[in-house]
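> need a structure here:
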Amino acid sequence: MKPITSEQMTRLQGHYQQKYGIRLDETVTSILCEIEQMGIKNNNTIQSVTESIKERAKVIRFENNRQAFWYALGKFGIPGISLPLLIIFGWIYFTNLTQYQTILRLIDQYPAYKQYAQLMKTAQTTTTPQGTFMVLKPTEKTKMVVGVHCFYHADKRLIYVPITVNEAF
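Numbering: from 1, shown residues only. As a prediction, this is how the structure comes out:
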């Protein structure tokens, strides 16, 4: 703060004595003077900030609601549309990624899955209280269709289910 001369000190003491009817000593007068100077400085700061806020504030007036709508759409439309689209595409991506990882695990777990592909496509199943079963019809060895026919080997007491059939067989 600025230093106070003795003449200013006397004037301030006289001012406070006239205003409040009390004679103040020099210490109290100097403290009050500093408080007043800080108040002036704070008021100047507040006024400059207020003016800068008023300069930056834009008042926009529209003739009708349609103009206001198009203004807001132009200003906030791209983020407003892109955020939901981003969320939807992200959800689709992660859902497909999870399904893809599940399929990869199955392929790694069952490396011979390609051999069973035709069987899985054409086979018929039935569900009973005992479980789910593949329905096959017995046939001769020469007329086999994958997923439809099977044949019984009596000597070995085995049922053969064709997975792939050679045309020359």
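
> Find the residue at the geometric middle of this structure.
residue 87 (6.4 Å; Cα atoms, centre = their mean).

> got the contact list for residue 121?
residue 147 (Cβ atoms under 8 Å, 6 or more residues apart in numbering). For the C-beta atoms, the positions are set from N, CA and C on the backbone; glycine is no exception.

> Buried residues, the helix or strand where it lies. List them.
In this structure, residue 121 sits in helix 117-122 according to DSSP states H and E. Of all the residues in helix 117-122, those buried under the rule 16 or more other Cβ atoms under 10 Å are 118, 119.

> right, and the helix or strand after it?
strand 124-128.

> Strand partners (parallel or antiparallel) of that next one?
strand 131-135 (antiparallel) (DSSP bridges).

> Off-centre distance for the helix or strand that the strand it pairs with is followed by?
Heading C-terminal from strand 131-135, the first helix or strand you meet, by DSSP H and E, is strand 137-138. Centre-to-centre, strand 137-138 and its host chain are 56 Å apart (Cα atoms, centre = their mean, to the nearest Å).
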